[in-house]
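# what would the 3D arrangement of this be:
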Amino acid sequence: MAVANAVDALKQRADVVLREPNGRGVQSLAAALVAGDLGALTALSPLAG
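A predicted model of the protein is given here:
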């Protein structure tokens, strides 16, 4: 998993690249986990759909 502004080498290896940079991407992921909505990953990552 990588945030939107991660270095390209990391994003290329990640299974999921979040749409938001820095902590905002992590906050969105954490909110989805707490809500029990891992299906939300399709909205959080262009690669997950």
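# wait, doesn't Leu18 sit right on Lys11?
No: if you go by C-beta atoms under 8 Å, Leu18 and Lys11 don't touch, sitting 9.8 Å apart. To be clear about C-beta, it is placed using only N, CA and C from the backbone, and glycine gets the same treatment.
# which one's more surrounded, those two?
Taking other C-beta atoms under 10 Å, Leu18 and Lys11 do not tie; Leu18 has more neighbours (26 against 17).
# quick one, what contacts the more buried one?
Neighbour list for Leu18: 1-4, 25-26, 28-29, 44-45 [criterion: C-beta atoms under 8 Å, 6 or more residues apart in numbering].
# helices and strands of this structure: which one has the lowest mean pLDDT?
helix 41-44 (a mean of 65; mean pLDDT, DSSP states H and E).
# got the residue ranges for the helices in this protein?
8-13, 22-34, 41-44 (DSSP state H).
# correct me if wrong: Leu29 contacts Ala2.
No: Leu29 is beyond contact range of Ala2, at 11.0 Å (criterion: C-beta under 8 Å).
# what about Asp15, how many neighbours?
Around Asp15 there are 10 other residues, counting by other C-beta under 10 Å.
# should've said Gly25
Gly25 has 22 neighbours, counted by other C-beta under 10 Å.
# quick one: it and Ala4 touch, right?
Yes: the criterion here is C-beta under 8 Å, and Gly25 meets it with Ala4 at 6.0 Å.
# returning to that earlier point: so which of the helices of the chain is the most surrounded?
Mean neighbour counts were taken over these using mean count of other C-beta atoms under 10 Å, and the top value, a mean of 16, falls to helix 41-44.
# please tell me how far Pro21 sits from Asp37.
22 Å (C-beta to C-beta, to the nearest Å).
# wait, Ala31
9 Å.
# flag the shaky bits of the chain, pLDDT-wise.
38, 40-49 (pLDDT under 70).
# tell me, what residue is most central in it?
Central residue of the chain (C-alpha atoms, centre = their mean): Leu18, 2.6 Å from the mean position.
# who touches both of Gly25 and Ala4?
The contact sets of Gly25 and Ala4 overlap at 18-19 (C-beta under 8 Å, 6+ apart).
# intersection of neighbour lists for Leu18 and Lys11?
Ala2.
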